[in-house]
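Asker: model this:
(one chain, ligands or ions: 1)
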Amino acid sequence: MSRFWSPAIQSLVPYTPGEQPKVDGLIKLNTNENPFPPAPGVEAVLRSFDTERLRLYPDPECLALKQALAKEADLEHNQVFVGNGSDEVLALTFMALLRHTRPLLLPETSYSFYNVYIDLFNINARHIPLSDDFRIDLDDYCGENGGIIFANPNAPTSISLDLNAIETLLKRNTESVVVIDEAYVDFGAESATRLVNSYPNLLVIQTFSKSRSLAGMRVGFAFGHPELIEALERVKNSFNSYPLDMLAQQTAIAALEDHDYFKQCTRTIMETRQWTSTQLEQLGFKVLPSHTNFVFASHTRVPADTLMQYLREHKILVRHFTKPGINNHLRITIGTTNEMQSLIDCLRTHPEL
Ligand code: PMP
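Answerer: Numbering: from 1, shown residues only. Prediction:
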């Protein structure tokens, strides 16, 4: 705490490196990374990269990447924004589009970073509880508001809403921006990207960190009406900042263009998710229906923190949240089949399971 700090940062809790320990030999199922390497084209880009070019600044517009993303989504490049991970895209979105006097509506349980931005930018927000079965009920998201944001599929619950529900929401809220964070959409959920041309109030945010195995490169992006995209560009440009470095721009394009590899990896993860869910259920867990690369599960008898600790002692990291309402659940990233087998084998040795 310092008397020199502005009031908004006094309550901020820095992200602790606890979830990214610098120890070898761990099975890391705690931060929803992809267990497979990026597409082979990414390695090819890195190997053939001419380091002499690094003395130049990267393309500040990221035009080639925006064009590649636009082509994939059947949009124009002025409907695309890119940033250093979707966390940065989200930060700029809060700054540029979600600071109004009317309340921002969001689920009480969703991606925790939203609240960091809400506090930092002093945003008037109304947190709406999930239903008893952990679902977002979009009937609660109406009336005067200064914007709506949620993750779809939601995190950490893993449950997704279908496109019809999203479209109804957009029709009911034409006067405010609706931000849908689709960090996990590629693992079986429906993307709202195809609604972008019909709804000028929709901003869809995605990332290369999960389904494209590029968390280390920090590439995120948004699709939306050019007016929304311009708002993000204005905020970014006022910092005179380059959104992405040269390697991030080029590797992202390579990852995007390998459709077969992408399909193969996401399919494998979904199959492994199904296997893991069945195994967990046999061990007495309740597993929420997942459209993500993780499952959210609670055991009927043994508390989640006990299980998290037990797994940690056996070098398997999973995520446990202390927030009331979800503190008896574990969020388990889907790794390779071997990793998931190790998880299940380890749980089987627990004396109470
Ligand atoms: N949204 C959600 C729902 C997430 O879980 C995450 C990753 N933890 C992000 C956004 C940010 O991902 P990245 O910055 O790596 O793109």
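Asker: any idea what sits nearest the residue of the stretch 1-150 of the chain found nearest the ligand, other than its immediate chain neighbours?
Answerer: In the stretch 1-150 of the chain, the residue that lies nearest the ligand is residue 85 (2.9 Å; Cβ to the nearest ligand atom). Any C-beta I mention is one placed from the backbone N, CA and C, and that applies to glycine too. Spatial nearest neighbour of residue 85, excluding adjacent residues (Cβ to Cβ, 6 or more residues apart in numbering): residue 218 at 4.1 Å.
Asker: do the same with residue 251
Answerer: Using Cβ to Cβ, 6+ apart, the nearest residue to residue 251 is residue 42, at 4.6 Å.
Asker: tell me the contacts of the one you found?
Answerer: Residue 42 sits next to 214, 251, 254-255 when contact means Cβ atoms under 8 Å, 6 or more residues apart in numbering.
Asker: mean confidence (pLDDT) on the helix or strand hosting it, please.
Answerer: Element membership for residue 42, per DSSP states H and E: helix 40-48. Regarding helix 40-48, the rounded mean pLDDT is 97.
Asker: give me the buried positions along that helix.
Answerer: For helix 40-48, burial by neighbour count (16 or more other Cβ atoms under 10 Å) applies to 41-42, 45.
Asker: export that helix as PDB, just CAs?
Answerer: The C-alpha trace of helix 40-48 is given here as PDB (Å, rounded to 0.1, in the frame of the first residue of the first chain):
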ATOM      1  CA  PRO A  40       3.600 -27.300 -37.500                       C
ATOM      2  CA  GLY A  41       3.500 -24.000 -39.600                       C
ATOM      3  CA  VAL A  42       4.300 -22.100 -36.500                       C
ATOM      4  CA  GLU A  43       7.600 -23.800 -36.000                       C
ATOM      5  CA  ALA A  44       8.300 -23.300 -39.700                       C
ATOM      6  CA  VAL A  45       7.800 -19.500 -39.300                       C
ATOM      7  CA  LEU A  46      10.100 -19.400 -36.300                       C
ATOM      8  CA  ARG A  47      12.800 -21.500 -38.000                       C
ATOM      9  CA  SER A  48      12.900 -19.400 -41.100                       C
END
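Asker: circling back: out of the buried residues of helix 40-48, who's near the ligand?
Answerer: Restricting the buried residues of helix 40-48 to those within reach of the ligand (Cβ under 6 Å from any ligand atom) leaves nothing.
Asker: looking at these, which one is closest to residue 116?
Answerer: residue 42 (30.0 Å; Cβ to Cβ).
Asker: ok, now how distant is the closest one from residue 216?
Answerer: 10 Å (Cβ to Cβ, to the nearest Å).
Asker: just the helices in the chain please.
Answerer: Along the chain, the stretches classed as helices by DSSP state H are 7-10, 40-48, 63-73, 85-97, 113-120, 163-172, 226-238, 246-257, 259-282, 304-313, 337-348.
Asker: weakest of those helices by average pLDDT?
Answerer: helix 7-10 - the lowest mean pLDDT of the helices of the chain, at a mean of 80.
Asker: which other residues reach it?
Answerer: Contacts with helix 7-10, where a contact means Cβ under 8 Å, 6+ apart, come from 1, 119-122.
Asker: which of those sit farthest apart?
Answerer: Longest span within the contacts of helix 7-10, Cβ to Cβ: 1 and 121, 20.5 Å.
Asker: how many neighbouring residues does residue 266 have?
Answerer: 19 (other Cβ atoms under 10 Å).
Asker: same question, the one 5 residues further on
Answerer: For residue 271, the tally of surrounding residues (other Cβ under 10 Å) stands at 12.
Asker: that one and residue 232: what is the separation?
Answerer: Using Cβ to Cβ, we find residue 271 at a distance of 36 Å from residue 232.
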